[in-house]
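Colleague: turn this into a model:
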Amino acid sequence: MGVPFEALLPYGIMIGMFAFSAVAVGSLREMQNGGKKGRRGLDAWDRVMMERDRRLTGFARGQTDKPFAPPGFEVNNPWRVEERFF
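Modeller: Numbering: from 1, shown residues only. The predicted structure follows:
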């Protein structure tokens, strides 16, 4: 005796929702990375360079071929200066 297809509909709906959410999350992450795949296994140097690229272009994965920095970049320093007590 076969299984009625009505018993399998909830499973199909659940699998469809899992697939939809996986595609949606993947596309959102790709949009956040400027259309590129997400990076894995980043070390300290990669993070520093991605922060520099973000300050130059606005995207963490964006790169530019301009030989000069945009205006205002000379005061856009990522280093935080501590307050001195005098």
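Colleague: just for the protein, where's the confidence low?
Modeller: 1, 72, 74-86 (pLDDT under 70).
Colleague: any idea whether G34 is helix, strand or coil?
Modeller: coil (DSSP: H, G, I helix; E, B strand; the rest coil).
Colleague: over to M49?
Modeller: helix.
Colleague: neighbours of it, just the number please.
Modeller: When neighbours are defined as other C-beta atoms under 10 Å, M49 has 13 of them. All C-beta spots, glycine's among them, are computed from the backbone N, C-alpha and C.
Colleague: list the contacts for it?
Modeller: Under the criterion of C-beta atoms under 8 Å, 6 or more residues apart in numbering, M49 has no neighbours.
Colleague: identify all contacting residues around the helix or strand containing G26.
Modeller: Per DSSP states H and E: G26 is located in helix 9-32. Contacts of helix 9-32 with the rest of the structure, by C-beta under 8 Å, 6+ apart, involve K36, K37, G38.
Colleague: so can I have CSV of the residues you listed showing neighbour count and distance to R52?
Modeller: Shown next, in CSV, are those (neighbours: other C-beta atoms under 10 Å; distance: C-beta to C-beta, whole Å):
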residue, neighbour count, distance to R52
K36, 13, 17
K37, 10, 20
G38, 10, 19
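Colleague: just put the residues you listed in a markdown table and tack on distance to Q63.
Modeller: Listed next are the contacts of helix 9-32 as a markdown table, based on distance: C-beta to C-beta, whole Å:
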| residue | distance to Q63 |
| --- | --- |
| K36 | 10 |
| K37 | 15 |
| G38 | 16 |
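Colleague: out of the residues you listed, which is nearest to A44?
Modeller: G38 (18.3 Å; C-beta to C-beta).
Colleague: burial check on M50, number of neighbours?
Modeller: 16.
Colleague: with adjacent residues omitted, what lies nearest to it?
Modeller: Nearest residue to M50 in three dimensions, chain neighbours excluded: A60, at 4.6 Å (C-beta to C-beta, 6 or more residues apart in numbering).
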